[in-house]
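Asker: I need the structure of the sequence given here:
(one chain, ligands or ions: 2)
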Amino acid sequence: MQSMQQQSVTVLGSTGSIGVSTLDVLARHPQRYSIYALTARERIAELAQQCRRFAPKFAVVASESKAAELRELLAGGDLSTEILWGVEGLCQVASDAAVDTVMAAIVGAAGLRPTLAAVAAGKKVLLANKEALVMAGPVFQRALAVSGAQLLPIDSEHNAIFQCLPQPCASLESAGVEKILLTGSGGPFRARAVSELHRVTPDEACAHPNWSMGRKISVDSATMMNKGLEFIEACLLFNARPEQIEVVVHPQSIVHSMVQYRDGSLLAQMGNPDMRTPIAHALAFPERIDSGVAGLDLIAQGRLDFEAPDVQRFPCLRLAREAMDAGGSAPTVLNAANEVAVEAFLQGRLAFTSIAAVIERVVKSAQAVELTGLDAVETADRNARQLAQRVLGAL
Ligand code: NAD
Ligand code: MG
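Answerer: Ligands and ions are numbered 1, 2, ... in the order given. You can find the predicted model right below:
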């Protein structure tokens, strides 16, 4: 075996769907990677198990009481894992000098500060936490430009686009790119009668036909707000103009996205729908490592279908486009309203079809501000959440 420098990795959100897939890939390459820190908000027993298996230097939880719970679970063993808690702990393990790579896989706005801490510290940042980028667009981009951190997309579509572009890619224009085709499965309700949608349950919405994911992103996939957030994510990651990005519904989730070039070439990245592929790609880039995912059997797959998205059925797509066009804090407000509405739906307090209605009302009545820095982002996020709660209360 060739000798190489071992990479030290922090996994933010290690008990989540992406976190667990990341640990699965890391465990296949123990000479290549060591685990610096694991973090979780709940499921402390699972975090304790991960600590026993991977012996990280740090484990970070949400509160002092959760820290005590974890300490109790790990007592008696010979682990030297140090336990931290709160946002400060997350930011510390995302930015410590001893860390090389940070997997940003906390869900939602809660991931913003630790992800930005990793960016500011110039880490190799693997971005699953799309909400952090969407809500803080220009602030996130400035932090990247200042620190020179390397940002690699984990979202399967953006990872696919990255793979279909020449690297490095100074600009889409200089690379001869005409447009980006962002694919999405259409979620579990692509073909359900629109008149039935108001009564779908959280469990139905979370039963995605192709991907197994956390509950928040599963609901986002069912409303197609996930594709809306990904549309904004693609504009920001690849410096694409909104009109350069086209959403294409592809029910099989085999083509993960495509890039259309000036000369008529259309490059696609394909694979089985398993997040370990983009995770392994980003971890090892520019090398390739085993991810545990089987190669694609195209003959067994048989056919690949593509269709235009139904914008009547999925108003969230339109809302995301409008927010990107409006700029400033509009994407921040869109994301915050969506998080509040999805949470209410998951708790059985809001009808599925009212998710988009709540977001639309919040976006229409929120005050648009310029995102001058992290404070402006957090203020816009907080105000939009309060507004969303009022809209929910009035329903
Ligand atoms: P998940 O709900 O399964 O896991 C979320 C993780 O974040 C857990 O470890 C949880 O403990 C932690 N967490 C949640 N709230 C927190 C808080 N307030 N403070 C600290 N930690 C907190 O979610 P997931 O499906 O793994 O998704 C994670 C991120 O990756 C999301 O942004 C999602 O959009 C993105 N993503 C996921 C997939 C997928 O296949 N699951 C694909 C593409 C992108
Ligand atoms: Mg995706």
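
Asker: can you count the residues close to whichever residue of the stretch 51-200 of the chain sits closest to ligand 2?
Answerer: Residue nearest to ligand 2 within the stretch 51-200 of the chain (CB to the ion): Asp155, separated by 4.1 Å. For every residue, glycine as well, the C-beta is placed using N, CA and C. The number of residues packed near Asp155 is 26, by other CB atoms under 10 Å.

Asker: thought it was touching Glu230?
Answerer: Yes - Asp155 lies in contact with Glu230 (CB atoms under 8 Å); the separation is 6.2 Å.

Asker: quickly list what's touching both of the two.
Answerer: Lys130 (CB atoms under 8 Å, 6 or more residues apart in numbering).

Asker: stretch 109-128 - what's its average pLDDT?
Answerer: For stretch 109-128, mean pLDDT rounds to 98.

Asker: now swap in stretch 273-292 and tell me
Answerer: The predicted model assigns stretch 273-292 a mean pLDDT of 98.

Asker: look at the residue of the stretch 51-200 of the chain closest to ligand 2 and report its pLDDT.
Answerer: 98.

Asker: for it, which non-adjacent residue is spatially closest?
Answerer: Lys130 (5.7 Å; CB to CB, 6 or more residues apart in numbering).

Asker: now do the contacts for that neighbour.
Answerer: 155, 229-230, 233.

Asker: isn't Ile18 right up against Ala105?
Answerer: Yes - the pair Ile18 / Ala105 is scored as a contact, 3.9 Å apart, by CB under 8 Å.

Asker: overlap in contacts of the two?
Answerer: In contact with both Ile18 and Ala105: 128, 154, using CB under 8 Å, 6+ apart.

Asker: one step back: just put the contacts of Lys130 in JSON lines and tack on secondary structure.
Answerer: Formatted as JSON lines, those follow (DSSP: H, G, I helix; E, B strand; the rest coil):
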{"residue": "Asp155", "secondary structure": "coil"}
{"residue": "Leu229", "secondary structure": "helix"}
{"residue": "Glu230", "secondary structure": "helix"}
{"residue": "Glu233", "secondary structure": "helix"}
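
Asker: check which helix or strand the closest residue to ligand 2 within the stretch 251-395 of the chain maps to.
Answerer: The stretch 251-395 of the chain approaches ligand 2 most closely through His256 (8.1 Å), counting by CB to the ion. His256 belongs to strand 255-261 when assigned by DSSP states H and E.

Asker: look up phi and psi at Gln312.
Answerer: When quoted as degrees, to the nearest 10, the phi and psi of Gln312 stand at phi -70, psi -50.

Asker: what sits against it?
Answerer: For Gln312, the contact set (CB under 8 Å, 6+ apart) comprises Val194.

Asker: and it, how far is that from Asp263?
Answerer: 35 Å (CB to CB, to the nearest Å).

Asker: same deal with Leu172?
Answerer: 14 Å.

Asker: go on, Ala145?
Answerer: For Ala145 relative to Asp263 (CB to CB), the value is 31 Å.

Asker: so for those two, which sits in the more crowded spot?
Answerer: More crowded of Ala145 and Asp263, by other CB under 10 Å: Ala145, with 10 against 7.

Asker: in which helix or strand does the more buried one reside?
Answerer: Going by DSSP H and E, Ala145 is part of helix 130-147.

Asker: tell me the first helix or strand C-terminal of that helix.
Answerer: Next helix or strand after helix 130-147 toward the C-terminus (DSSP H and E): strand 150-153.

Asker: give me the contact list for that following strand.
Answerer: Strand 150-153 is contacted from outside by 119, 123-127, 144, 159, 161-162, 233, 237, 278, 282, 285, using CB under 8 Å, 6+ apart.
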